[in-house]
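K.L.:
Return atomic coordinates for the entry below.
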Amino acid sequence: MRVLGVDPGLTRCGLGVVDGSAGRARMIAVGVVRTPSDAEPGERLAYLETQLGEWLRRFSPDVVAVERVFADANVASVMTTAHATAIALLTAHKHGVPIVFHTPTEVKAAVTGSGRAEKAQVTTMVTKILRLDEPPRPADAADALALAICHAWRGSAAARVAAALTPGGMP
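P.N.:
Numbering: from 1, shown residues only. The predicted structure follows:
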């Protein structure tokens, strides 16, 4: 399964592509789309859509895994993250790629074993899981890879369970 992980953000949107299945993962690509904070919001969102579209065309993922937006005291930050999330959803939909959401706690638990892991622990484990020579930088890139790993591992397991429960599914 090929997964495009998206750590949504308007200033920095982390993107990571992983080929994986339960217990296995290999990095295909990682990057960050940056938009200037002094640009018009519509211009920034349009640029993000263009870049996401290019990643979808270039890497042909089976699914897009997006971090679920969670409430925070900083409403402005939550709103810009929600805007970037909406662009990821819209772009994936336009390309016919299914979208799944994972919470930050779920992603941390999948890659570190603890839903309360710190960002540095997530980056360390992503580096080890993917056998990278150096940690992905910035943290948005590591988070996108963690999302992709999480879905590759949990999504493939969930698909096997669903197939087993479906009449005519797995024996």
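
K.L.:
how much space between the spatially closest residue to residue 3 that is not a sequence neighbour and residue 49?
P.N.:
The shortest distance from residue 3 to any non-neighbouring residue, by CB to CB, 6 or more residues apart in numbering, is to residue 148 (4.1 Å). C-beta: built from backbone N, CA, C; applies to glycine. Residue 148 is 20 Å from residue 49, where distance means CB to CB, to the nearest Å.

K.L.:
higher neighbour count, these two?
P.N.:
Legend: neighbour count by other CB atoms under 10 Å for residue 148 and residue 49, higher for residue 148 (37 against 18).

K.L.:
The more buried one: what secondary structure?
P.N.:
Following DSSP: H, G, I helix; E, B strand; the rest coil, residue 148 is assigned to helix.

K.L.:
Does the residue nearest to residue 3 touch residue 19 like I think?
P.N.:
No: with contacts counted by CB atoms under 8 Å, residue 148 stays clear of residue 19, the gap being 9.1 Å.

K.L.:
so what's in contact with these two at the same time?
P.N.:
3, 25 (CB atoms under 8 Å, 6 or more residues apart in numbering).

K.L.:
mind checking the SS state of the closest residue in space to residue 39 that isn't next to it in sequence?
P.N.:
Once flanking residues are discounted, residue 39 sits nearest to residue 47: 7.9 Å by CB to CB, 6+ apart. What three-state DSSP gives for residue 47 is helix.

K.L.:
how near is the residue nearest to residue 3 to residue 140?
P.N.:
From residue 148 to residue 140 the distance is 13 Å (CB to CB).

K.L.:
For residue 100, give me its contacts.
P.N.:
63, 64, 65, 66, 151, 155.

K.L.:
May I have stretch 86-97 exported as PDB, CA atoms only?
P.N.:
Once non-C-alpha atoms are left out, stretch 86-97 reads as follows in PDB (Å, rounded to 0.1, in the frame of the first residue of the first chain):
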ATOM      1  CA  ALA A  86      -9.600  21.200   3.500                       C
ATOM      2  CA  ILE A  87      -7.200  21.700   0.600                       C
ATOM      3  CA  ALA A  88      -5.700  18.300   1.200                       C
ATOM      4  CA  LEU A  89      -9.200  16.700   1.200                       C
ATOM      5  CA  LEU A  90     -10.300  18.600  -1.900                       C
ATOM      6  CA  THR A  91      -7.200  17.800  -3.800                       C
ATOM      7  CA  ALA A  92      -7.200  14.100  -3.000                       C
ATOM      8  CA  HIS A  93     -10.900  14.000  -3.900                       C
ATOM      9  CA  LYS A  94     -10.300  15.600  -7.200                       C
ATOM     10  CA  HIS A  95      -7.600  13.000  -7.900                       C
ATOM     11  CA  GLY A  96      -9.900  10.100  -6.800                       C
ATOM     12  CA  VAL A  97      -7.700   9.100  -3.900                       C
END
